[in-house]
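Any chance you could fold what I've pasted below:
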Amino acid sequence: MSNKITKQDLNKVFWRMQLLNVTNNFQSMQAIGFLSSFTPVLERLYKDKPKELRVKAMKRHLEFFNSHVNSDALILGISAAVEETTTEDQKDTVTGIKTGLMGPLAGIGDSVLKFTWLPICGSIGAALALNGSVLGPIVMFLLYNFVNIASKYYGIHLGHAKGVELIEGVGGNILQRLSNIANVVGLMVIGGLIASVVKVNVVSEIKAGDNVILFQEMFDKVMPGLFSILLTFVIYKILKKTNGKHAPLLIFGIMVISILLTYLKVLG
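Prediction:
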């Protein structure tokens, strides 16, 4: 039996991804759900290969991942295409493409589905309900899920089909170019997240007569966000050294230290 991904495999991915967000968590976000949805693809591609390679592939898809759930369908399809057409020494491309796509496609999913189509469906349903029609919530449900389900189903199949065409239809260095582009975009996304999400505000100050030196203001003049990037780097090194085994303990420790330093008026 062929190891090539079939339409039935992609349909299994579609049904599985209906529960993709159930395992969402603050450590890896949608990674567990992504792997659970992606399992039929890995079972097909690695069914005749050593168990160690399948385990490695599963770990590859357990790395941090977060996007809009409807955009996940397209990423699942593209990831399937890349997994199918790459050798083991090229598998970093899969992670790079996932990282590069999750941010931009999340914005598209949010703007089109959550902030445009859902309000339209809600408005139509609400108008019917206000006129006393029991069809209001039913119409809203059907309208929204028509697009919701269709975008997931066709997203997976389109992502796989076009992903294979893209990879097989261009020159031999396409994978390296895609990987480089995805890595750059991924780094930009992560850098933006660090600057906007990780907040370290040092309120400590030094008084010398009438002069007051504010640590935060002084360091912001040298490099804004310095403490945020340092904190991120330290946590990254700890997680990398421990293979993420103590992530919950690390989160709890950060909470305790933050509360303590705030109480001591070091942080604000």
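
so Asp48, which of the three states?
For Asp48, the assignment made with DSSP: H, G, I helix; E, B strand; the rest coil gives coil.

And the one 5 residues further on, by the same measure?
Three-state secondary structure (criterion: three-state DSSP) places Leu53 in helix.

For it, give me its contacts.
Neighbour list for Leu53: Tyr46, Glu88 [criterion: C-beta atoms under 8 Å, 6 or more residues apart in numbering]. C-beta: built from backbone N, CA, C; applies to glycine.

got the residue ranges for the strands in the stretch 151-268 of the chain?
Taking DSSP state E, counting those that start in this stretch to define them, one finds strands in the stretch 151-268 of the chain at 205-208, 211-214.

let me redo that: the stretch 1-150 of the chain
Applying DSSP E, counting those that start in this stretch to the stretch 1-150 of the chain gives no strands.

residue boundaries of the helices in it?
Counting by DSSP state H, counting those that start in this stretch, the stretch 1-150 of the chain has helices at residues 7-16, 31-45, 51-60, 69-85, 92-109, 118-130, 135-169.

quick one, the longest one and helix 31-45 angle?
What it means is helix 135-169. When axes from the mean of the first three to the mean of the last three C-alpha atoms, to 10 degrees is applied, the directions of helix 135-169 and helix 31-45 differ by 50 degrees.

Can you mark which positions in helix 135-169 are buried?
136, 139-140, 143-144, 147-148, 151-153, 155-157, 159-160, 163-164, 167 (16 or more other C-beta atoms under 10 Å).

can you check the second one too?
Neighbour counts using 16+ other C-beta under 10 Å place 31-42, 44-45 of helix 31-45 among the buried residues.

Going by distance to Met102, which of these wins?
Nearest to Met102 out of these is Phe34 (C-beta to C-beta; 9.6 Å).

Spatially, what comes nearest to the closest one if we skip its sequence neighbours?
Closest residue in space to Phe34, ignoring its immediate chain neighbours: Phe65 at 5.2 Å, by C-beta to C-beta, 6 or more residues apart in numbering.

mind listing what the one you found touches?
Residues near Phe65 by C-beta under 8 Å, 6+ apart: Ser28, Met29, Gln30, Ala31, Phe34, Lys98, Thr99, Met102.

ok, it to Pro224 distance?
29 Å (C-beta to C-beta, to the nearest Å).

Ile149 now?
45 Å.

cool, and Glu205?
From Glu205 over to Pro224 the distance is 18 Å, taken as C-beta to C-beta.

Met29 too?
For Met29, the distance to Pro224 equals 27 Å [C-beta to C-beta].

quick one, which of those two is more surrounded?
Here Met29 and Pro224 are compared on neighbour count by other C-beta atoms under 10 Å; more neighbours surround Met29, at 17 against 12.

right, and the more buried one touches Asn66 too?
Yes - taking contacts as C-beta atoms under 8 Å, Met29 lies within contact range of Asn66: 3.6 Å.

Which positions in stretch 89-99 come out as buried?
Neighbour counts over stretch 89-99 (16+ other C-beta under 10 Å) mark Lys91, Thr93, Val94, Thr95, Gly96, Ile97, Lys98, Thr99 as buried.

Go through the residues you listed and name the one nearest Lys241.
The closest of the buried residues of stretch 89-99, once distances to Lys241 are taken by C-beta to C-beta, is Thr95, at 19.9 Å.

circling back: mind giving me TSV with the strands of the stretch 151-268 of the chain and columns for mean pLDDT?
Output for the strands of the stretch 151-268 of the chain, formatted as TSV (pLDDT from 0 to 100):
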stretch	mean pLDDT
strand 205-208	70
strand 211-214	72
